[in-house]
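Colleague: below are the sequence and a predicted model; questions follow.
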Amino acid sequence: MSLLNPPQREAIRYLDGPLLVLAGAGSGKTRVITEKIAYLIESCGFNPRNIAAITFTNKAAKEMQERVNKLLAGKPAQGLTISTFHALGVRILREEAVTLGYKPNFSILDSSDCLAIVSELAGSVDKANIRKLQSLISNWKSALVSPDQARKNAQDETETLAANAFASYSGTLQAYQAVDFDDLIALPVALFENHPAVRDKWQNRLRYLLIDEYQDTNASQYRMLRLLAGPRAAFTAVGDDDQAIYGWRGADIENLRGLPRDYPNLKVIKLEQNYRSTVRILKAANALIAHNEKLFDKKLWSELGHGDPITVTVCGNSDQEAESVVMKLQAHRFEHRAAFGDYAILYRGNFQARALEQLLRNQRIPYLLSGGQSFFDKTEIKDLTSYLRLLANNDDDPAFIRAVSTPRRGVGASTLQALGSYAGERRLSLFAAAFEQGFAQRVPARQLAPLLEFCEFINRLQGRAGKEPAAQVMPDLLAAIGYEAWLFEHDEARTARIKLANVQDFCDWLGKKGAEENKTLFDLTQTIALINLLDKKDSEVDAVKLSTLHAAKGLEFKHVFLIGIEEGVLPHREAQADNRIEEERRLMYVGITRAQRSLHLSYAEKRKQGRELIACQASRFIDEMGREDLRFSGGKSETIPDKAATTDRLAALKAMLGKASPG
DNA sequence: GCACTTTATGTTTTT
DNA sequence: CATAAAGTGC
């Protein structure tokens, strides 16, 4: 590993007050954070449990943890916090739940759970607008706007409707003893503001804070940071305004601008040397981002040589684009004797991965898909987690409804409706209401019996879930509900087997995690909502990485393919209207700067949109990169082989590669 | 009233 | 292509 350059060293050593590090892409941002953690522990005598590093994704947290472990070889940093904002929020809330009127076993709802609640509350609103309501509510929460304030400030009908839904939504969550993702930040903020003693306790516990990707903080996260940092303001924030790509989620670049205002003694250090990419790639990235209005002036430079020209491939349609990318990748890999793991294919939307996946599978090219549907979003896993959630928190009505009806056990819509209205009148959870005499009088015995049987089953299991390890309870739970048989009854044998394997993976994960971290089933239930992928060390697997541009931030790859560089896709159609083009441009910038050695762009002249083919144009971003370093190929001038011919060529190429490089 | 089958429908990005 | 509402047998 190379030596630290002067600004990097300064950023690591500076401890006299709040510090902002403006770190361009590939300038060693993560390295500054990890080395600073090591410096604090080894040279400054900090206790690891007094240091917290905060990231935005679990992946980034994990990678940072690994790098810190390597730096502190031999001496594991006991109690060091490296987590996402949300995971830190959960930790605070679990400890302080009672002060806020929650029980420690509160449930965490994911966005689809919340969507279902909003849609129930706003019954008459049509489907397309429900999502708008949800995102309005979420934006208010992350801006720390109360339902009352939202109602007062509502600009139009939709906002009034959403503000009203917001009020009842908050009440509903409280009744369920549940929180959503935004609450994981907003509730600790409220806690710290209303209970100075609790705030002081946490300020004293987390004595030095390091924040990664600072440009992506929203108002509530910034407030949480300020409350945690307190008057001592011992923190290092690292960010790059050119990589702010979470505006749609409430991230506000004003937080970057506001930092010098809120902390007059703020020290600012810029990292401008890029250690990642070739000059050509960097030049294109700089040319592109120059079209945005700049907040801070930064000039990235590199000493890594010119490198290959950037290629731009024009394809007839999106299927041909996928084929061309896979073919080019194979040829490139052969020519450069590179490994599969040196390649990443990046795209704007998850749907673009489909065609690629199929092709890669056909070609037996190993690949890893990151982002997209989370493991814990799969129906079979959500079925099981609903049982776990209900075990941990009897008030979790959505979990109750899902668990009681999967598998079917003679409790149907009308019974649940009766239960729901009774529970509403008596202000009880569904679970508690089921045991009441008053409810028994309202429904016929043949409806009540299966319901009570289910509730008693949950009661019996609950005793065990608190005491026995997950690995012991889960198999019994599965057997008792007959889940395996139910899967094979409902799905084709092939899908049922896949689902069953996922269920098995899930149980193994619970067992492993429970044993490793000595956690009860209850503890594990709460972390599930926040975890995206099963633990797999991506870097250790020799496979092509498929990722959305958002999920690729913070990563780097030797060779990068950026696909779908079209008007309507990147920049996205929905982003054309407002001033959101700049964010799309930053997204493109993030994509370009992931590449170390080579960069390959492509776009299709026609793309399927819904049912029909739509004509597409090259993205404006291609021209903005400056044409002199781009090399174009394909397009109308070139004859495009039909699918069968392409497949033959792929087969021939594959045979050739097979002979050339066994294994 | 319950469970299962068909039909419509809809896609940005993530914690 | 996968999920979600409406429709049909029991």
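Modeller: Okay, I see it. Numbering: from 1, shown residues only, chains lettered A, B, ... in the order given.
Colleague: mind listing residues that contact stretch A:572-581?
Modeller: By CB atoms under 8 Å, 6 or more residues apart in numbering, the surrounding residues in contact with stretch A:572-581 are A:247-248, A:348-349, A:568, A:571, A:583-584. Where C-beta positions appear, they are placed from N, C-alpha and C, glycine not excepted.
Colleague: now, of those residues, which are buried?
Modeller: In terms of neighbour count (16 or more other CB atoms under 10 Å), the buried residues within the contacts of stretch A:572-581 are A:247, A:348, A:568, A:571, A:583-584.
Colleague: is the helix or strand encompassing A:Q504 positioned near DNA strand C?
Modeller: Assigned by DSSP states H and E, A:Q504 falls within helix A:493-516. No - applying CB under 7 Å from any atom of the strand, one finds helix A:493-516 separated from DNA strand C by no less than 7.8 Å.
Colleague: and the next helix or strand past that helix?
Modeller: Later in the chain than helix A:493-516, the nearest helix or strand by DSSP H and E is helix A:521-528.
Colleague: kindly export that next one (C-alpha atoms) in CSV.
Modeller: What follows is helix A:521-528, C-alpha atoms only, in CSV (Å, rounded to 0.1, in the frame of the first residue of the first chain):
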residue,chain,number,x,y,z
LEU,A,521,-34.2,-15.0,18.5
PHE,A,522,-35.8,-11.7,19.6
ASP,A,523,-32.6,-9.7,19.0
LEU,A,524,-32.2,-11.3,15.6
THR,A,525,-35.7,-10.5,14.6
GLN,A,526,-35.0,-6.8,14.9
THR,A,527,-31.9,-6.7,12.8
ILE,A,528,-33.5,-8.6,10.0
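Colleague: any low-confidence regions in the stretch 251-400 of chain A?
Modeller: Applying pLDDT under 70 to the stretch 251-400 of chain A flags the ranges A:371-373.
Colleague: which residues of it lie near DNA strand C?
Modeller: A:354, A:378-379.
Colleague: coming back round to it: now, the contacts of stretch A:572-581 that are in strands?
Modeller: Among the contacts of stretch A:572-581, no residue falls in strands (DSSP state E).
Colleague: can you list which of the residues of the stretch 251-400 of chain A next to DNA strand C are found in strands?
Modeller: Among these, DSSP E puts none in strands.
Colleague: returning to what we had before: hmm, the helix holding A:Q504 in reach of DNA strand B?
Modeller: No - residues of helix A:493-516 contacting DNA strand B under CB under 7 Å from any atom of the strand: none, with a closest distance of 13.1 Å.
Colleague: return the distance of that helix from the chain's centre.
Modeller: Centre-to-centre, helix A:493-516 and its host chain are 22 Å apart (CA atoms, centre = their mean, to the nearest Å).
Colleague: which parts of the stretch 101-250 of chain A sit against DNA strand C?
Modeller: Counting by CB under 7 Å from any atom of the strand, the stretch 101-250 of chain A sits next to DNA strand C at A:112, A:119.
Colleague: domain-wise, how is chain A divided?
Modeller: With domains defined by the TED database, chain A comprises A:6-93+A:185-271, A:107-176, A:284-366+A:541-658, A:376-536.
Colleague: burial count for A:T385?
Modeller: 21 (other CB atoms under 10 Å).
Colleague: check A:R446 too.
Modeller: A total of 9 residues lie near A:R446 under the criterion other CB under 10 Å.
Colleague: up against DNA strand B, what does the stretch 51-200 of chain A have?
Modeller: Going by CB under 7 Å from any atom of the strand, the residues of the stretch 51-200 of chain A near DNA strand B are A:56-59, A:84-87, A:110-111, A:127-128, A:131, A:181-182.
Colleague: what about 6 Å?
Modeller: A:56-58, A:84, A:86, A:111, A:127-128, A:181 (CB under 6 Å from any atom of the strand).
Colleague: need those residues in CSV with pLDDT and neighbour count, can you?
Modeller: CSV is the format used below for these (pLDDT from 0 to 100; neighbours: other CB atoms under 10 Å):
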residue, pLDDT, neighbour count
A:F56, 87, 22
A:T57, 83, 20
A:N58, 81, 18
A:T84, 91, 19
A:H86, 93, 21
A:S111, 85, 14
A:K127, 72, 7
A:A128, 72, 7
A:F181, 92, 21
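Colleague: secondary structure added to those, as JSON lines?
Modeller: Listed next are those as JSON lines, based on DSSP: H, G, I helix; E, B strand; the rest coil:
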{"residue": "A:F56", "secondary structure": "coil"}
{"residue": "A:T57", "secondary structure": "coil"}
{"residue": "A:N58", "secondary structure": "helix"}
{"residue": "A:T84", "secondary structure": "strand"}
{"residue": "A:H86", "secondary structure": "helix"}
{"residue": "A:S111", "secondary structure": "helix"}
{"residue": "A:K127", "secondary structure": "helix"}
{"residue": "A:A128", "secondary structure": "helix"}
{"residue": "A:F181", "secondary structure": "coil"}
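Colleague: what's the closest of those to A:N317?
Modeller: Ranked by distance to A:N317 (CB to CB), those are led by A:A128 at 27.8 Å.
Colleague: tell me how far the closest one lies from DNA strand C.
Modeller: Between A:A128 and DNA strand C the distance is 12 Å, computed by CB to the nearest atom of the strand, to the nearest Å.
Colleague: just give me the neighbour total for the closest residue to A:D262 other than its chain neighbours.
Modeller: Nearest in space to A:D262, with sequence neighbours left out and distances taken as CB to CB, 6 or more residues apart in numbering, is A:R226 at 7.1 Å. A:R226 has 16 neighbours, counted by other CB under 10 Å.
Colleague: anything in stretch A:448-466 sitting right up against DNA strand B?
Modeller: No - between stretch A:448-466 and DNA strand B, judged by CB under 6 Å from any atom of the strand, nothing touches; the nearest distance is 7.3 Å.
Colleague: now the helices for the stretch 51-200 of chain A?
Modeller: A:58-71, A:85-96, A:111-121, A:127-142, A:147-153, A:157-176, A:183-194, A:196-205 (DSSP state H, counting those that start in this stretch).
Colleague: all good on my end, thank you.
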